[in-house]
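Participant: Just a sequence and a predicted model for now, questions to come.
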Amino acid sequence: MDSVLIPVGKVAVYLDKSLKALGLHTEARTSFIIGSYWLPSFLKHEYIALRFVLQAAYKRFFEHFSAA
């Protein structure tokens, strides 16, 4: 499973557990969750859909669109 739909009130806990499982230390997880510019926009919604992508896929996507 690479996607999940969760209530917005559970986003921070879900992300923390997921990022911990990926090996991020506490400071990195906290910065990603709380220090992110997108967190306030999440709070405007009832549910959030999240998808984790492999770094290689993300890199290809970024390179494709940044070259345009």
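Facilitator: Looks like it came in fine.
Participant: Show me what the strand or helix carrying E63 is packed up against.
Facilitator: Using DSSP states H and E, E63 maps to helix 55-66. On a contact count with 3 or more CB pairs under 8 Å, 6 or more residues apart in numbering; DSSP states H and E, helix 55-66 meets no helix or strand. Heads up, the C-betas are built off the backbone N, CA and C, glycines and all.
Participant: Low-confidence regions, this structure specifically.
Facilitator: Counting by pLDDT under 70, the chain contains low-confidence ranges at 1, 58, 67-68.
Participant: change it to 50
Facilitator: Within the chain, the set of residues satisfying pLDDT under 50 is empty.
Participant: hey, where'd the helices end up in it?
Facilitator: Listed in chain order, the helices of the chain (DSSP state H) span 11-21, 26-34, 39-42, 55-66.
Participant: Against which helices or strands is the second one packed?
Facilitator: Translated: helix 26-34. Contacts defined by 3+ CB pairs under 8 Å, 6+ apart place helix 26-34 against helix 11-21.
Participant: Please export the C-alpha coordinates of the helix it packs on as PDB.
Facilitator: C-alpha atoms of helix 11-21 as PDB (Å, rounded to 0.1, in the frame of the first residue of the first chain):
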ATOM      1  CA  VAL A  11      -2.000  13.200  10.200                       C
ATOM      2  CA  ALA A  12       0.800  14.200  12.600                       C
ATOM      3  CA  VAL A  13       0.800  10.900  14.500                       C
ATOM      4  CA  TYR A  14       0.700   8.900  11.200                       C
ATOM      5  CA  LEU A  15       3.500  10.900   9.700                       C
ATOM      6  CA  ASP A  16       5.600  10.600  12.800                       C
ATOM      7  CA  LYS A  17       5.200   6.800  12.900                       C
ATOM      8  CA  SER A  18       5.900   6.500   9.200                       C
ATOM      9  CA  LEU A  19       8.900   8.700   9.200                       C
ATOM     10  CA  LYS A  20      10.300   6.900  12.200                       C
ATOM     11  CA  ALA A  21       9.900   3.600  10.400                       C
END
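Participant: Alright, that wraps it up for me.
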